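Trainee: starting from these lines, generate the structure:
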Amino acid sequence: MTTHFNIISNATQVAAAVASGDQTDACNKLATYYASSHTAQWLRLAAPRPGSSTVGGEVDEVRVNDTYDFYGEVARVPRERDGGLDWHFYGPVGDDEFM
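Mentor: Model prediction:
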């Protein structure tokens, strides 16, 4: 009976947070419920181990080299002085739609 009460209580708290427009509180209450409930144990998996190397391929080209492929146009996008990407870069053939 306690579990049933907790579900109703939590649902009421989540609904109240949503009704008040506080989506963050609603999400936190919902996450707390699922983290502490005894339901759906079969859905709970251990956290994956952190990676120890690069993933390879195109992902590394983007992450490490700032190399992007937009519909077959591949180029290393230059960085601005502040470290951000140059969103005005026109790509290897001067295409207005590259970035």
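
Trainee: tell me the SS of the most centrally placed residue in the chain?
Mentor: Nearest to the centroid of the C-alpha atoms of the chain, with distances taken as C-alpha atoms, centre = their mean, sits Cys27, at 15.2 Å. Secondary structure, DSSP: H, G, I helix; E, B strand; the rest coil: Cys27 is helix.

Trainee: tell me the pLDDT of it.
Mentor: Per-residue pLDDT puts Cys27 at 91.

Trainee: next: the one 3 residues further on.
Mentor: What the model reports for Leu30 is a pLDDT of 86.

Trainee: where does Pro9 fall, secondary structure wise?
Mentor: Careful, residue 9 is Ser and not Pro. Assigned by DSSP states H and E, Ser9 falls within helix 2-19.

Trainee: could you do Leu45 as well?
Mentor: With DSSP H and E as the criterion, Leu45 is inside neither a helix nor a strand.

Trainee: what about it, how many neighbours?
Mentor: Using other C-beta atoms under 10 Å, Leu45 is surrounded by 6 other residues. Where you see a C-beta, it was placed from the backbone N, CA and C, and this is true even at glycine.

Trainee: list the contacts of it.
Mentor: Residues near Leu45 by C-beta atoms under 8 Å, 6 or more residues apart in numbering: none.

Trainee: and Thr39, helix, strand or coil?
Mentor: Thr39 ends up coil, using three-state DSSP.

Trainee: if you could redo that for Val74, that was the one I meant.
Mentor: strand.

Trainee: neighbours of it, how many?
Mentor: Neighbours of Val74 (other C-beta under 10 Å): 13.

Trainee: what's the answer for Ser36, then?
Mentor: 9.

Trainee: Asn28 now?
Mentor: Asn28 has 13 nearby residues by other C-beta under 10 Å.

Trainee: domain-wise, how is the chain divided?
Mentor: As recorded under automatic domain parsing, the domains making up the chain are 2-40, 56-99.

Trainee: nearest to Ala46, of these?
Mentor: Closest of the domains of the chain to Ala46 is domain 2-40, at 14.3 Å (criterion: C-beta to C-beta).

Trainee: buried residues, that closest one. List them.
Mentor: Asn10, Gln13, Val14, Ala17, Ala26, Lys29, Leu30, Tyr33 (16 or more other C-beta atoms under 10 Å).
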